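[1] Need a 3D model of the following:
(one chain, ligands or ions: 1)
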Amino acid sequence: MLIETKDLTKAFGGLTAVDNVDVGIEKGKITAIIGPNGAGKSTLFNVISGFYPTTKGTVVFNGEDITKKRAFNVAKLGIARTFQTTNLFEQATVMDNVIVGHRLRTKSGVFDALLRTPRLKREERESREKAEEVLAFVGLTKESNRLVSDISQEAKKRAAFAVALATDPEVVFLDEPAAGINPDETDGLTNLMRKMVDHGLTVCLIEHKMQMIMEIADHIVVLNQGEKIAEGTPEEIQNNDTVIQAYLGGGEDAADAQ
Ligand SMILES: Nc1ncnc2c1ncn2[C@@H]1O[C@H](COP(=O)(O)OP(=O)(O)OP(=O)(O)O)[C@@H](O)[C@H]1O
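    Sure thing, here's the model as predicted:
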């Protein structure tokens with residue numbers, strides 16, 4: 001397994017948002033985390049990626065215990081993520097947003113900037129080249145010099161992918177990548193995720209769009225009230241009674257899922 005959690009737990013005061021969860025994320029596969037609203041999906045992402053300290057349990061990445069590492073260092077190890085509401089600078093260009101993503105991999109400091117050192121110039125060039133490469137990968141070359149505020153919702157999703165990819169990750173965590181876009185655009189993002197896997201990346205995503213998940217995921221983990229209630233292939237999950245009861249069977253989320 002590329003990432004493995006054991007007894008992973010996150011409590012906010014009296015509320016246990018993630019409760020003793022064991023999850024394995026396999027290299028080169030698409031793993032989906034599903035579950036009703038408030039099930040603990042985003043919190044699980046936040047503890048794995050170091051945005052929140054864990055209450056209990058461990059996270060192992062490539063055989064290394066990363067439980068206590070904070071977000072910046074987890075990102076440096078090769079775990080990138082996107083957020084539910086895209087986390088872009090609206091008044092900057094698409095290209096500049098992606099260049100900022102790549103700064104994680106550069107070393108120049110304030111003195112390099114003041115003195116315009118050769119290292120700074122080289123790293124600026126490398127960041128721009130990397131940005132061009134990932135923007136081409138996500139299909140945004142034409143939009144690269146437009147302000148983020150001027151591009152479509154779908155293009156913003158692609159730009160958020162590009163920012164994550166610019167950090168040269170091994171695995172990308174995508175939090176509801178298809179929220180707020182139409183079915184055709186959702187197909188486009190599905191293809192992009194497949195392309196990421198074809199290029200050797202590992203993908204883990206949270207999504208409410210069931211049709212998309214069933215089509216794309218190799219492995220599905222189902223959370224409910226912080227606990228893992230099931231995992232398996234899309235077919236196994238669709239036929240799992242506990243899941244049907246908790247999630248697919250009734251209530252608002254079932255309607256959302258159609
Ligand atoms: N920073 C926080 N402080 C306190 N409680 C939180 C915090 N973040 C999440 N929670 C609570 O933890 C529980 C799980 O929330 P989480 O956002 O992880 O669920 P989710 O499955 O991602 O839901 P959704 O599908 O609605 O995004 C919820 O009850 C939520 O209110």
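[2] Run a quick check on Lys209 versus Gly180, I expect a contact.
    No: Lys209 is beyond contact range of Gly180, at 10.7 Å (criterion: Cβ atoms under 8 Å). Where you see a C-beta, it was placed from the backbone N, CA and C, and this is true even at glycine.
[3] For the two, indicate the residue with more neighbours.
    Neighbours per residue (other Cβ atoms under 10 Å) separate Lys209 from Gly180, with Lys209 holding more: 22 against 13.
[4] Give me the nearest residue to that one, chain neighbours excluded.
    Nearest residue to Lys209, sequence neighbours excluded (Cβ to Cβ, 6 or more residues apart in numbering): Ala178, at 5.2 Å.
[5] Repeat that for Phe89.
    Nearest residue to Phe89, sequence neighbours excluded (Cβ to Cβ, 6+ apart): Asn97, at 5.6 Å.
[6] For burial, what's the neighbour tally of the one you found?
    Asn97: 25 surrounding residues under other Cβ under 10 Å.
[7] how far is the helix or strand where it lies from where the chain is centred?
    Using DSSP states H and E, Asn97 sits within helix 94-102. The chain centre lies 17 Å from the centre of helix 94-102; the measure is Cα atoms, centre = their mean, to the nearest Å.
[8] repeat for stretch 21-32
    Remark: stretch 21-32 is offset 12 Å from the chain centroid, using Cα atoms, centre = their mean.
[9] first vs last residue of it, how far apart are they?
    Length of stretch 21-32, first residue to last, Cα to Cα, to the nearest Å: 15 Å.
[10] got the buried residues for it?
    Within stretch 21-32, the residues that qualify as buried are Val21, Val23, Ile25, Ile30, Thr31, Ala32, counting by 16 or more other Cβ atoms under 10 Å.
[11] Looking at the residues you listed, which one is closest to the ligand?
    Distance to the ligand, by Cβ to the nearest ligand atom, is smallest for Val21 among the buried residues of stretch 21-32, at 11.3 Å.
[12] Summarise which helices and strands the particular helix or strand that has the closest one in it is packed against.
    Using DSSP H and E, the element containing Val21 is strand 15-25. Judged by 3 or more Cβ pairs under 8 Å, 6 or more residues apart in numbering; DSSP states H and E, the packing partners of strand 15-25 are strand 3-12, strand 30-34, helix 41-48, strand 56-61, strand 219-224, strand 227-232.
[13] Columns mean pLDDT and distance to Asn240 on top of those, output as a markdown table?
    Shown next, in a markdown table, are the helices and strands packed on strand 15-25 (pLDDT from 0 to 100; distance: least, Cβ to Cβ, whole Å):
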| stretch | mean pLDDT | distance to Asn240 |
| --- | --- | --- |
| strand 3-12 | 98 | 21 |
| strand 30-34 | 97 | 11 |
| helix 41-48 | 96 | 17 |
| strand 56-61 | 98 | 24 |
| strand 219-224 | 96 | 8 |
| strand 227-232 | 96 | 5 |
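[14] domain parsing for this structure?
    1-78+169-257, 88-168 (the TED database).
[15] Neighbours of the residue nearest to Ala246 when sequence neighbours are not counted, how many?
    Once flanking residues are discounted, Ala246 sits nearest to Asn224: 4.5 Å by Cβ to Cβ, 6+ apart. Other residues lying near Asn224 total 20 when counted by other Cβ under 10 Å.
[16] Test my guess that Asn224 contacts Asn37.
    No: in this structure, Asn224 is not within contact of Asn37 by Cβ under 8 Å, at 10.7 Å.
[17] Could you say which helix or strand holds Val163?
    Going by DSSP H and E, Val163 is in helix 153-165.
[18] I'd like to know how far the residue lying closest to Gly139 once chain neighbours are set aside sits from the ligand.
    The spatially closest residue to Gly139, leaving aside those adjacent along the chain, is Arg158, at 6.3 Å (Cβ to Cβ, 6+ apart). Per Cβ to the nearest ligand atom, to the nearest Å, Arg158 is found 21 Å from the ligand.
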